[in-house]
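**Q** can't give you the sequence, but here's the structure:
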Ligand SMILES: Nc1ncnc2c1ncn2[C@@H]1O[C@H](COP(=O)(O)OP(=O)(O)O)[C@@H](O)[C@H]1O
Ligand SMILES: O=P(O)(O)OC[C@H](O)CO
């Protein structure tokens, strides 16, 4: 029986492939989980869309599912937190509540040419000082500009104030708090910071960038902190305060209790995202990382991070399974990889839509290199997994160059961390221990923590930190000479991926 005297917090994690709702108790332990996938829409090569209406109905379904599994009523929830896939862009009609087009997903590359044009003689660095980001198709601002220019009549309607822009957090909060009937049009600093339209110092929309990208201010939500009550839910969650919003990678920072400067986490999902807490000042990157928001609790000073975003890690395992059919389930890759001693000399660079950090090369495409007749599917399985750990090593090196912080342990989470062979290889190539916590659903946990802090379920960060418990630790065993030799080979493989997609060579 559930103890109904306890306080509960629900979190919605609206991710790239699925939405889930998790209910946590006051110890930060999971009480119930529900999850549903949504359609991936690929209208053209390089284009990726989601139906925002479908996402909203899947979110409502998982909320209902989690409440039912927990055996709770909505009025027993102290707060609701939101975390979400970042950068994915929705524009909707304020009067009807309907999206004007499918959402353009973060992985979508349709704005590459627009980004090249916007960069002009400054190239990728044009808005880096204000936003911490290189000009790349990854971010929301150019996606919004593309929609305003390509959906007939939309720009005029947007200028008249009839259209709302949002990342997925805004779309969900607006719907949760009433939609056309008084829904709150807000976002938080971590999500706003991924639009390329927010100034990292002022935490407000930057007028010079809005004008350069031709995005009217009338479409934009209000930027708020990551932990405060934005409004009260209506419908099935009637009366529950909607009290946090964080991009999913920042939520994982929060859920992993990376509250001290110099602490870092890496989340291994479709892609991987390594964030290092750099404290209350943004640290500029010269090594291909993003300077990004970590979190902002109410009126407290904001916390910034350096981020290494890797577009394809778990998605390479999916490709190996679905496109090549070499394995039937993601779990099988570990058995296959363990059937051989090493990669047999093979390396796979999964530059399927160019390479993100630390290269930001939209002209790169995937390569398999080092092939000889000796190479078997077991070696390729190893190469698939090693692509994740080597890409992470490159990001960790860039972190050191930019911040001087040498990571001494890496906290990890996400779907790929159940793969022991991969996590051991990760510890080996970094030369530091890799640690997974007992609650590995750190994304939802972070959103729940931020919502619970805003509503008095938890008092402070020290209390949250005390919940964190180690589950597994992998310690490095690889000899340094082997590591250095293999890293050299990996970097040669990466160079071979450059310059393939000639339209994108700027
Ligand atoms: N045992 C495994 N070994 C390696 N990769 C795995 C394994 N199980 C799942 N994955 C990968 O993890 C990813 C799913 O992780 P998840 O954290 O749910 O991702 P997301 O939140 O991005 O959808 C998939 O890309 C899948 O290929
Ligand atoms: O939904 P995920 O876990 O694939 O995360 C996507 C990232 O937020 C993209 O920036």
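**A** That came in fine, so what should we check first? Because the structure is predicted, anything quoted here is derived from the model rather than measured. Ligands and ions are numbered 1, 2, ... in the order given.
**Q** got the residues of the stretch 251-400 of the chain near ligand 2?
**A** By the criterion of C-beta under 6 Å from any ligand atom, the positions of the stretch 251-400 of the chain lying close to ligand 2 are 269-271. Where you see a C-beta, it was placed from the backbone N, CA and C, and this is true even at glycine.
**Q** mind redoing it with 5 Å?
**A** Contact residues (C-beta under 5 Å from any ligand atom) of the stretch 251-400 of the chain with ligand 2: 269-270.
**Q** roughly how far does residue 177 sit from residue 465?
**A** Remark: distance between residue 177 and residue 465 (C-beta to C-beta, to the nearest Å) = 31 Å.
**Q** next one: residue 115
**A** Separation of residue 115 from residue 465 (C-beta to C-beta): 39 Å.
**Q** who's more crowded, the two?
**A** Each of residue 115 and residue 465 has its neighbours counted (other C-beta atoms under 10 Å); residue 115 has more, 24 against 12.
**Q** doesn't that one fall inside a strand?
**A** No. With DSSP: H, G, I helix; E, B strand; the rest coil as the criterion, residue 115 is helix rather than part of a strand.
**Q** ok, and the closest non-adjacent residue to it?
**A** Excluding its sequence neighbours, the residue lying closest to residue 115 (C-beta to C-beta, 6 or more residues apart in numbering) is residue 135, at 4.7 Å.
**Q** what's the model's confidence in the helix or strand in which residue 35 is found, averaged?
**A** Per DSSP states H and E: residue 35 is located in strand 30-37. Mean per-residue pLDDT for strand 30-37: 96.
**Q** what's the distance between the next helix or strand after it and the middle of its chain?
**A** Using DSSP H and E, the helix or strand that follows strand 30-37 towards the C-terminus is strand 49-50. Distance, stretch centre to chain centre, for strand 49-50: 16 Å (C-alpha atoms, centre = their mean, to the nearest Å).
**Q** name the residues that touch strand 49-50?
**A** For strand 49-50, the external contacting residues (C-beta atoms under 8 Å, 6 or more residues apart in numbering) are 38-43, 88, 102-105, 108.
**Q** average model confidence for that strand?
**A** Mean pLDDT, strand 49-50: 96.
**Q** and residue 368, how many neighbours?
**A** 16.
**Q** cool, and residue 163?
**A** Neighbourhood size, residue 163 [other C-beta under 10 Å]: 24.
**Q** same question, the one 4 residues further on
**A** Neighbouring residues of residue 167 were enumerated by other C-beta under 10 Å; the total is 30.
**Q** hang on, it packs against residue 88?
**A** Yes. Between residue 167 and residue 88 there is a contact at 6.4 Å, judged by C-beta atoms under 8 Å.
**Q** overlap in contacts of the two?
**A** Common contact partners of residue 167 and residue 88 (C-beta under 8 Å, 6+ apart): residue 140.
**Q** just confirm residue 48 contacts residue 42, I think it does.
**A** Yes. Residue 48 lies in contact with residue 42 (C-beta under 8 Å); the separation is 6.1 Å.
**Q** where do the helices sit along the stretch 51-200 of the chain?
**A** Secondary structure of the stretch 51-200 of the chain (DSSP state H, counting those that start in this stretch): helices located at 52-70, 112-119, 128-131, 140-150, 154-159, 168-176, 189-192.
**Q** need the residues of the stretch 1-150 of the chain near ligand 2, please.
**A** Counting by C-beta under 5 Å from any ligand atom, the stretch 1-150 of the chain sits next to ligand 2 at 15-16, 85-86, 106.
**Q** and those, which is closest to residue 131?
**A** Nearest to residue 131 among these, counting by C-beta to C-beta, is residue 86 at 13.6 Å.
**Q** residues touching the closest one, list them.
**A** Listed by C-beta under 8 Å, 6+ apart, the contact partners of residue 86 are 106, 167, 190-191, 194, 247-249.
**Q** any idea how far residue 400 is from the nearest residue to residue 120 once chain neighbours are set aside?
**A** For residue 120, ignoring the flanking residues on the chain, the nearest one in space by C-beta to C-beta, 6+ apart is residue 126 at 6.7 Å. Applying C-beta to C-beta, the value for residue 126 to residue 400 is 27 Å.
**Q** and residue 268, by the same measure?
**A** Distance, residue 268 to residue 400, by C-beta to C-beta: 20 Å.
**Q** so for those two, which sits in the more crowded spot?
**A** residue 268 (26 against 13).
**Q** and the pLDDT at whatever residue of the stretch 51-200 of the chain ends up closest to ligand 1?
**A** Nearest residue of the stretch 51-200 of the chain to ligand 1 (C-beta to the nearest ligand atom) works out as residue 85 at 8.0 Å. pLDDT recorded at residue 85 is 96.
**Q** flag the shaky bits of the stretch 401-506 of the chain, pLDDT-wise.
**A** For the stretch 401-506 of the chain, the stretches with pLDDT under 70 are 503-506.
**Q** would you map the strands across it?
**A** 410-413, 434-437, 470-474 (DSSP state E, counting those that start in this stretch).
**Q** how about these, which one is nearest residue 420?
**A** When the strands of the stretch 401-506 of the chain are compared by C-beta to C-beta, strand 470-474 sits nearest residue 420, at 7.6 Å.
**Q** quick check: buried residues in that closest one?
**A** By neighbour count with 16 or more other C-beta atoms under 10 Å, strand 470-474 contains the buried residues residue 474.
**Q** rewinding a little: for the residue nearest to residue 120, grab phi and psi.
**A** phi -50, psi -40 (degrees, to the nearest 10).
**Q** what does residue 273 give?
**A** phi -140, psi 110.
**Q** check the one 10 residues further on too.
**A** Note on residue 283: its backbone torsions stand at phi -100, psi 120 [degrees, to the nearest 10].
**Q** that one and residue 277, how far apart?
**A** Distance, residue 283 to residue 277, by C-beta to C-beta: 10 Å.
**Q** got any residues that touch both of these two?
**A** What both residue 283 and residue 277 touch, as defined by C-beta under 8 Å, 6+ apart, is the set residue 304.
**Q** name the nearest residue to the residue of the stretch 151-300 of the chain found nearest ligand 1, sequence neighbours excluded.
**A** Nearest to ligand 1, among the residues of the stretch 151-300 of the chain, is residue 269, at 2.6 Å (C-beta to the nearest ligand atom). In this structure, residue 269 finds its nearest non-sequential neighbour in residue 414, 4.6 Å apart by C-beta to C-beta, 6+ apart.
**Q** in contact with the residue of the stretch 401-506 of the chain found nearest ligand 1: list those residues for me.
**A** Scanning the stretch 401-506 of the chain for proximity to ligand 1 using C-beta to the nearest ligand atom identifies residue 415 as nearest, at 2.1 Å. Applying C-beta under 8 Å, 6+ apart to residue 415 gives the contacts 268-269, 314, 330.
**Q** try 10 Å
**A** 17, 267-270, 313-314, 317, 330, 440 (C-beta atoms under 10 Å, 6 or more residues apart in numbering).
**Q** list, one by one, the residues from this protein near ligand 1.
**A** Contacts of the chain with ligand 1, taken as C-beta under 5 Å from any ligand atom, map to 15, 17, 269-270, 314, 317-318, 330-331, 414-416, 419.
**Q** for the buried ones among these, write the corresponding PyMOL selection.
**A** Buried members of the residues of the chain next to ligand 1, defined by 16+ other C-beta under 10 Å, are picked up in PyMOL with:
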select buried, resi 15+17+269+270+314+317+330+414+415+416+419
